[in-house]
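S.K.: With the input below, show me the fold.
(4 chains)
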Amino acid sequence: MRRDVLLFGPAARMVGRDRITLEARGPTVRDVLAEIAARHPELAPTMGAARLAVNHALATPDTTIGPDDEVALIALLGGG
Amino acid sequence: MRRDVLLFGPAARMVGRDRITLEARGPTVRDVLAEIAARHPELAPTMGAARLAVNHALATPDTTIGPDDEVALIALLGGG
Amino acid sequence: MSRVRVQIVDGPLPREPSSFADARSDADEEVGSRIRFEGIVRGTEGGRTLAAIEYEIYEPMASRQLEAIAREESARDGVRSIEAVHSRGRVAVGEISFTCEVRSRHRAEGIAAISAFIERMKLDAAIWKNPIFAGGR
Amino acid sequence: MSRVRVQIVDGPLPREPSSFADARSDADEEVGSRIRFEGIVRGTEGGRTLAAIEYEIYEPMASRQLEAIAREESARDGVRSIEAVHSRGRVAVGEISFTCEVRSRHRAEGIAAISAFIERMKLDAAIWKNPIFAGGR
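M.R.: Residues are numbered from 1 along each chain as shown, chains lettered A, B, ... in the order given. Have a look, this model is predicted:
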């Protein structure tokens, strides 16, 4: 299934876009994170601590993502 | 030698005066603290942590107090 | 009993005491300690001269996270209120991008709550810094 | 480079930001953190209802001590300024009796300095509290 993943801050600058589209091997957060790392080696240094937000909440690796869910990469935060 | 010792806050309330006069056995801070404890049993619970200021500076037990030095009991502090 | 308020505001923040308490007297007689933290944009980042930071905020996720953290930290014994405000968009060097104010019975729980709030925000909240260097990015 | 200011003031303190920095922008570009602590007179002491606290201060000893502590704590790496003000005389319940403000590069050293300043003041400074209970002492 093709999905959009929103990017912010340094990750968006590294990729040069604020949204990427990709086809993951499975429906879980873990699958999507693996696909992001595979497709975007420029993000590799940040993927170790990266998480996904699904519908505006941090999701665990086993969370299954539905077809209409909003997905965002949560990495390289900098509040404060 | 007779000396005045200034009292403040709870210690002054316990004794009922803001100045006591006493004759210590020797000239050191230790001697004066011992004499305060002996003469004013109402201060006994506070004397364990009590110190003396000599001329507005905290003094060690071995400090010798001169005849014109200003002496104050520093106990039961409550700043802040 | 503790109160919580979280706000995202466009641009730099004013330097003002909390709106929970008026200027001279705290209406809550249990409050013995007020602690306010202000985060300010520094003039350099990694050795380069900054003009500003542009804060990018993913809403409503960020507000929900800050509210949840504030609610959890305000459950500490003695904490009476937590108020946090974060800038969105451009904040110039020297200006305030974040404030957090904690009112509590004693100082110790206030310091613990404000420290934990800030650490958790930096770790989890969907807020990003985009540095704008002097003379263009 | 760090600046220090200590003041003893009659009666309750106003709730105002430090005079080291103007309202909106910090002139020192190294400052990323401002922390302000306000100590407020609580409404009860040992279970009894308070009307006020009368602070007794032994001068110039107390000012000298606060200045020495501020100078020592401001020597911490990253600390840019420490400003402390303490009330003398009567401060009613809900009013501010003490403020301390620390400006620093990062939050961590600011929190360490403000905590250490307050702890050392409480341990050593020649300042005493005389509680004034509601309906006379």
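
S.K.: Near chain D, which residues of chain C? Just list them.
M.R.: C:12, C:14-15, C:17, C:21, C:23-27, C:29-44, C:92-96, C:105, C:107, C:111, C:115, C:118 (Cβ under 8 Å from any Cβ of the partner chain). All C-beta spots, glycine's among them, are computed from the backbone N, C-alpha and C.

S.K.: out of those residues, which are buried?
M.R.: Among the residues of chain C next to chain D, those scoring as buried are C:12, C:15, C:17, C:21, C:25-26, C:29, C:31-43, C:92-96, C:105, C:107, C:111, C:115, C:118 (criterion: 16 or more other Cβ atoms under 10 Å in any protein chain shown).

S.K.: before we move on, the earlier item: the residues of chain C next to chain D also near chain A: which ones?
M.R.: Taking Cβ under 8 Å from any Cβ as the test, chain A is in contact with C:39, C:118 out of the residues of chain C next to chain D.

S.K.: Now the helix ranked longest in chain C: buried residues?
M.R.: As assigned by DSSP state H, the longest helix anywhere in chain C is helix C:107-124. By neighbour count on 16+ other Cβ under 10 Å, the buried set for helix C:107-124 is C:107, C:109-115, C:117-118, C:120-121, C:124.

S.K.: which one of these is nearest chain B?
M.R.: C:R107 (7.9 Å; Cβ to the nearest Cβ).

S.K.: per-residue confidence at that closest one?
M.R.: For C:R107, the pLDDT comes out at 97.

S.K.: ok, then the element right after the helix or strand of chain C with the lowest mean pLDDT?
M.R.: Ranked by mean pLDDT, DSSP states H and E, the weakest helix or strand in chain C is strand C:44-45, scoring a mean of 88. Sequence-wise, the next helix or strand downstream of strand C:44-45 (DSSP states H and E) is strand C:48-57.

S.K.: Give the pairing partners of that next one; include direction for each.
M.R.: strand C:44-45 (antiparallel), strand C:79-92 (antiparallel), strand C:127-133 (antiparallel) (DSSP bridges).

S.K.: Can you say which of those is packed in most?
M.R.: Among the strands paired with strand C:48-57, ranked by average contacts under mean count of other Cβ atoms under 10 Å in any protein chain shown, first place goes to strand C:79-92 (a mean of 22).

S.K.: Show me what the mean pLDDT comes to for that one.
M.R.: 97.

S.K.: Taking their axis directions, it and helix C:107-124 sit at what angle?
M.R.: Here the directions of strand C:79-92 and helix C:107-124 differ by 40 degrees (axes from the mean of the first three to the mean of the last three Cα atoms, to 10 degrees).

S.K.: what's the distance between strand C:79-92 and the middle of its chain?
M.R.: Centroid separation between strand C:79-92 and its chain, computed with Cα atoms, centre = their mean, to the nearest Å, is 4 Å.

S.K.: Which SSE is immediately downstream of that strand?
M.R.: Using DSSP H and E, the helix or strand that follows strand C:79-92 in sequence is strand C:96-104.

S.K.: Quick check, C:C100 in contact with C:R36.
M.R.: Yes - between C:C100 and C:R36 there is a contact under Cβ atoms under 8 Å: 7.3 Å.

S.K.: Now do the contacts for the residue in chain C that chain A sits nearest to.
M.R.: Closest contact between chain C and chain A, by Cβ to the nearest Cβ, is at C:W128 (2.6 Å). Each residue near C:W128 by Cβ atoms under 8 Å, 6 or more residues apart in numbering or on different chains is listed here: A:8-10, A:76-79, C:55-57.

S.K.: of those, closest to B:D68?
M.R.: A:G79 (60.4 Å; Cβ to Cβ).

S.K.: Now for that closest one, how many residues are close by?
M.R.: A:G79: 24 surrounding residues under other Cβ atoms under 10 Å in any protein chain shown.

S.K.: Please apply the same query to A:A57.
M.R.: Neighbours around A:A57, by other Cβ under 10 Å: 12.
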